[in-house]
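Visitor: below are the sequence and a predicted model for it; my questions follow.
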Amino acid sequence: MEALIAQIQANTAIAVGLIFASAALGTGIGFALLGGKFLEGASRQPELVGMLQVRMFIVAGLLDALSIIGVAFAALLLFANPLLTPLGG
């Protein structure tokens, strides 16, 4: 039984690490593309910078929300796993 719990803990730690890595990588790529396209649009049409900036911040908020959801899911896996709680408590 102890070996099974250790295996579950190890797999959970690997899953949490993969979730953190993919959230960070996806957010980084998303912000890079977002910033590049914003600068490209601002240089092509400077009169639209205000509208583009508002839309850029909305998309940036959605990108951050996606990574925060991933972190919350990883925390749920790590700390609220019923298989990892002690049997007596």
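Guide: Perfect, I can see it now. All of these numbers come straight from a predicted model, not from anything done at the bench.

Visitor: could you pull up the mean pLDDT of stretch 48-63?
Guide: For stretch 48-63, the mean pLDDT works out to 95.

Visitor: renumber starting at 13 from here on
Guide: Sure thing, new numbering starts at 13, so read that last one as stretch 60-75.

Visitor: in that stretch, what counts as buried?
Guide: Leu64, Met68, Val71, Ala72, Leu75 (16 or more other CB atoms under 10 Å). C-betas here are computed from N, CA, C, even on glycine.

Visitor: kindly export that stretch (C-alpha atoms) in CSV.
Guide: In CSV, the C-alpha atoms belonging to stretch 60-75 read as follows (Å, rounded to 0.1, in the frame of the first residue of the first chain):
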residue,chain,number,x,y,z
LEU,A,60,-5.1,53.5,-33.5
VAL,A,61,-2.7,53.0,-30.6
GLY,A,62,-5.3,53.7,-27.9
MET,A,63,-7.8,51.2,-29.3
LEU,A,64,-5.1,48.6,-29.9
GLN,A,65,-3.7,49.1,-26.4
VAL,A,66,-7.1,48.5,-24.7
ARG,A,67,-7.6,45.3,-26.7
MET,A,68,-4.0,44.2,-26.0
PHE,A,69,-4.7,44.5,-22.2
ILE,A,70,-7.9,42.5,-22.5
VAL,A,71,-6.1,39.7,-24.2
ALA,A,72,-3.3,39.9,-21.7
GLY,A,73,-5.8,39.5,-18.9
LEU,A,74,-7.2,36.4,-20.6
LEU,A,75,-3.7,35.0,-21.1
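
Visitor: how far does that stretch sit from the chain's center?
Guide: Distance of stretch 60-75 from the chain centroid (CA atoms, centre = their mean, to the nearest Å) equals 19 Å.

Visitor: got it, and stretch 28-47?
Guide: Centroid displacement of stretch 28-47 relative to its chain, using CA atoms, centre = their mean, is 6 Å.

Visitor: buried ones in it?
Guide: For stretch 28-47, the buried set under the neighbour-count rule, 16+ other CB under 10 Å, comprises Val28, Ile31, Ala35, Thr39, Gly42, Leu46.
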